[in-house]
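A.B. asks: predicted model and sequence follow; I will ask about them next.
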Amino acid sequence: MKKLLGIVVLGLLLSVNVYAKNTKLVKGNSYQEKIKWQHLVYKLPEGKWKFLNKTHFSLETIRLNCIEFLQAENNNFKGAYSICEVSSGGKYHAELGMILSNGLKKGKHDNCTLRPEYFFAKLWTKGMSMNCFRTRHLDIDKELNYPDDPEAKNTLYIKEYIKDNNLELPKTLLQSMHVFYSPNIRDKGIEISHSINPELYGVPKTINGQETQSEYHRNNIKNHPIKNQFMIDWTQKKAIEHGYFEKYMKVKNHQKLDLGKFLKNMTKKSNTSDNKDFIDQINQLNNLYKSGSLTKEEFEKAKKKILN
């Protein structure tokens with residue numbers, strides 16, 4: 001499926017409404033709250049989203065369709081949101097299930113196991129069915145100009161849109177991905193991806209955007225308590241949203257991901273280290289402000305977030 005953005009429950013909520021018409025999606029037009037696409041209703045993340053692109057691929061009876069939206073704020077790139085669906089056409093359930101399952105378990109360039117660049121990943125598979133939830137950081141320069149996957153190099157339309165609209169890009173985006181496919185429930189696999197610019201949510205600017213050197217890389221993030229806490233909060237919210245995603249996809253109990261333990265552990269770790277993190281966060285803020293990495297406005301905004 002195609003890869004690659006607030007913080008409020010965006011509603012990866014899906015519901016079937018056979019009486020409503022599919023939303024007419026026009027490139028450049030803005031949409032908010034919800035859309036209906038391919039006979040499913042999707043609740044968009046908060047705010048207005050510009051429809052950017054639609055892609056289609058078919059092989060025999062297998063169909064893959066994707067739609068993409070972008071969000072901006074004061075000429076800053078704020079987020080990206082995409083929906084992909086794949087169906088077998090009722091003929092190649094087993095083949096499609098095997099392809100998707102293998103990709104999520106051991107895809108060379110991207111999958112749903114805990115790779116070093118992922119903050120969290122949880123995968124359930126059995127036979128032709130699968131359920132995936134993942135959060136990670138994205139190196140924007142790499143994703144747009146030299147992605148690992150040679151098949152993901154068709155980013156010209158994104159770069160043209162950014163250039164034409166004079167958008168300023170952050171060095172790093174945070175992304176969640178939600179995938180479910182089970183032909184016994186419906187002949188349609190769904191992938192929803194939501195990426196955000198953390199700097200527009202009160203987090204200090206990213207210093208190093210390179211994937212392995214980023215402050216958001218799992219091996220580095222604990223050295224940056226403000227960003228670590230934000231990533232924990234982001235992942236917790238997305239884990240809760242994944243529960244809504246499962247509910248509206250009619251996921252059976254044995255197919256659901258057990259994310260409760262993760263939520264409890266993250267909350268426990270966060271609470272036990274609150275005092276130390278509070279001091280570390282204030283010190284880190286002061287250092288960033290003194291070094292010139294933060295403006296006074298950004299410093300005050302981040303400090304207020306910590307104090308609250």
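C.D. replies: The structure has been received and is ready for your questions.

A.B. asks: any stretches of this structure with poor pLDDT?
C.D. replies: Low-confidence segments of the chain (pLDDT under 70): 1-20, 152-153, 263-294, 298, 305-308.

A.B. asks: how is it partitioned into domains?
C.D. replies: Residue ranges of the domains in the chain are recorded as 14-268, 273-308, according to automatic domain parsing.

A.B. asks: now render these as TSV, adding mean neighbour count.
C.D. replies: Backbone N, C-alpha and C define where each C-beta goes, glycine included. Compiled in TSV, the domains of the chain are given as follows (neighbours: other CB atoms under 10 Å):
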stretch	mean neighbour count
domain 14-268	17
domain 273-308	14
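
A.B. asks: who does the closest residue to residue 92 other than its chain neighbours form a beta bridge with?
C.D. replies: If the residues on either side of it in the chain are set aside, residue 92 comes closest to residue 62, at 5.8 Å by CB to CB, 6 or more residues apart in numbering. Beta-bridge pairing of residue 62, defined through DSSP bridges, involves residue 59.

A.B. asks: swap in residue 130?
C.D. replies: Applying DSSP bridges to residue 130 yields these beta-bridge partners: residue 125, residue 181.

A.B. asks: surely it touches residue 179?
C.D. replies: Yes: using CB atoms under 8 Å, residue 130 and residue 179 qualify as a contacting pair, with a distance of 6.8 Å.

A.B. asks: so what sits against both of these two?
C.D. replies: In terms of CB atoms under 8 Å, 6 or more residues apart in numbering, residue 130 and residue 179 are both contacted by the residues 100, 104.

A.B. asks: ok now do residue 120, which residues does it touch?
C.D. replies: Residues counted as contacts of residue 120 (CB under 8 Å, 6+ apart) are 114, 133-135, 235, 239, 262.

A.B. asks: what two of the residues you listed are the furthest from one another?
C.D. replies: The most widely separated members of the contacts of residue 120, counting by CB to CB, are 114 and 239 (14.5 Å).

A.B. asks: how about the strands of the protein, start to end?
C.D. replies: Assigned by DSSP state E, the strands in the chain fall at 14-15, 30-31, 34-37, 40-43, 49-59, 62-73, 76-87, 118-126, 129-139, 172-182, 186-196.

A.B. asks: nearest to residue 247, of those strands?
C.D. replies: strand 14-15 (8.8 Å).

A.B. asks: hang on, the residue nearest to residue 92 packs against residue 96?
C.D. replies: Yes: judged on CB under 8 Å, residue 62 makes contact with residue 96 at a distance of 6.0 Å.
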